[in-house]
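Asker: Build me a model from this:
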Amino acid sequence: MKPIEQARADLNAAEAADPGWEKFELVLRTGIKLKAVMVKKGLTLAKTKCPRCEGVESLHGRLVVGSAAGRHRSSGGAFRMWCDTCPDIRMME
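Answerer: Just a heads-up that it's a prediction; the model follows:
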């Protein structure tokens, strides 16, 4: 195996072993799905089940639209997501 291929393999193994990446991926995927549903249905506020703690309607999403959204207007609006019970499930766009 060439040195550059070995370095890539080591990096991929290190990223796969890091639990922070799993949490990052969970938050990002959840945020993308929630925003897509909110934009499609035309909602500015939504509550749903948190994928981590399974709390009923503990995950909140807020979509800011119109001139207040600023540069995010073209993507449907500025987005914020948070969970009432999980301190590490939150995201702002």
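Asker: Rounded mean pLDDT for whichever strand or helix holds residue 10, please.
Answerer: Assessed by DSSP states H and E, residue 10 sits inside helix 3-17. Across helix 3-17, pLDDT averages out at 69.
Asker: Show me the shaky parts of this structure.
Answerer: Screening the chain residue by residue with the criterion pLDDT under 70, one finds the ranges 1-2, 11-19, 68-71, 73-74.
Asker: hmm, 90 instead?
Answerer: Flagging of the chain using pLDDT under 90 yields the residue ranges 1-28, 30-32, 35, 38-39, 42-44, 48, 50-60, 62-80, 82, 84-93.
Asker: Chain neighbours aside, what residue packs nearest to the residue nearest the centre of it?
Answerer: The C-alpha lying nearest the average C-alpha coordinate of the chain belongs to residue 28 (Cα atoms, centre = their mean; 2.5 Å). Leaving aside its sequence neighbours, residue 28 sits nearest to residue 91 (Cβ to Cβ, 6 or more residues apart in numbering; 7.3 Å). C-beta: built from backbone N, CA, C; applies to glycine.
Asker: Ok, residue 93 next?
Answerer: The shortest distance from residue 93 to any residue that is not its chain neighbour, by Cβ to Cβ, 6+ apart, is 4.2 Å, and that residue is residue 79.
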